[in-house]
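**Q** Prediction below, plus the sequence it came from.
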Amino acid sequence: MANKHAAEKAMRHSARRRSRNRIVRSAARTQVKQAITAVTEGDTTATEQAVREAIRALDKAAQKGILKKNNAARRKSRLMKKLNQSHAAAQ
């Protein structure tokens, strides 16, 4: 437990930030999972929309500092790779 007033305030502040970050991180993960599911199902219009939303969520998380820039880039790259493979398999 914190002994100083400033340390107690820092703990409250970090708890608020942690809860906000968890919400954004969880939403980004959900969007990515939905995009991957859409890619495996193969519906092209829904797939491209889901991938676009997932990339947007990852970019927002990276911009806010919740995810590191390269982490978001890596996830987007893997997602696009799956999308492109599904397009190639469809043709």
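**A** Thanks, I have it.

**Q** residue contacts, Ala62?
**A** By Cβ atoms under 8 Å, 6 or more residues apart in numbering, the residues touching Ala62 are Lys68, Lys69, Asn71, Ala72, Ala73. All C-beta atoms are positioned from the backbone trio N, CA, C, and that covers glycine.

**Q** For the second one, grab the count of nearby residues.
**A** A total of 11 residues lie near Lys69 under the criterion other Cβ atoms under 10 Å.

**Q** Quick check: closest non-adjacent residue to it.
**A** Nearest non-adjacent residue to Lys69, counting by Cβ to Cβ, 6 or more residues apart in numbering: Ala62, 5.2 Å away.

**Q** Now do the helix or strand hosting the one you found: distance to the chain's middle.
**A** Assigned by DSSP states H and E, Ala62 belongs to helix 44-63. What separates the centre of helix 44-63 from the centre of its chain is 9 Å, taken as Cα atoms, centre = their mean, to the nearest Å.

**Q** list the buried ones in it?
**A** Neighbour counts over helix 44-63 (16 or more other Cβ atoms under 10 Å) mark Thr47, Ala50, Val51, Ala54, Ile55, Ala57, Leu58, Asp59, Lys60, Ala61, Ala62 as buried.

**Q** just to revisit the earlier point, now the contacts of Ala62 in CSV, with distance to Ala2?
**A** Shown next, in CSV, are those (distance: Cβ to Cβ, whole Å):
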residue, distance to Ala2
Lys68, 28
Lys69, 32
Asn71, 31
Ala72, 33
Ala73, 37
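
**Q** List only buried entries from these.
**A** Buried among the contacts of Ala62 (16+ other Cβ under 10 Å): Ala72.

**Q** The contacts of Ala62 in helices, which ones?
**A** Counted as lying in helices by DSSP state H, out of the contacts of Ala62, are Lys69, Asn71, Ala72, Ala73.
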